[in-house]
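# sequence-free structure coming up:
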């Protein structure tokens, strides 16, 4: 997978294998962390989620496994594997895994 520093550059990787489900938990793994933004993988056990919060940057979400409900500024969106969603900056958002759910989160700081 990665070396002690978590360096994934220059390697062919399978996203679904980089982060594992854990019962009753949300697990995350940072794939890339630069001053201009981050790429992070998440695995949510069924029923787990992130409470409502805001971020100062747009966030790109790619669903790579499972299904989740994402609420953005009060609007509910159902997303599943193969779909993407862009969460706008400064809008309250939250998510909950309908069943086990993995996503790739890309945040680019502007």
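Received it, and whenever you're ready, just let me know what you need. Nothing here was measured: the structure is a model prediction, and the numbers come from that model.

# Low-confidence regions, this structure specifically.
1-6 (pLDDT under 70).

# quick check: longest strand of it.
strand 93-108 (DSSP state E).

# So for that one, what gets flagged as buried?
For strand 93-108, burial by neighbour count (16 or more other CB atoms under 10 Å) applies to 93, 95-98, 100-107. C-betas here are computed from N, CA, C, even on glycine.

# what about residue 65, how many neighbours?
Neighbourhood size, residue 65 [other CB atoms under 10 Å]: 18.

# I'd like the distance between it and residue 16.
Relative to residue 16, residue 65 is positioned 6 Å away (criterion: CB to CB, to the nearest Å).

# which neighbours do these two share?
Contact criterion CB atoms under 8 Å, 6 or more residues apart in numbering; residues shared by residue 65 and residue 16: residue 102.

# hmm, back to that, what pairs with the longest strand of the chain, parallel or antiparallel?
strand 37-44 (antiparallel), strand 49-53 (antiparallel), strand 59-72 (antiparallel) (DSSP bridges).

# Fine, thanks again, bye for now.
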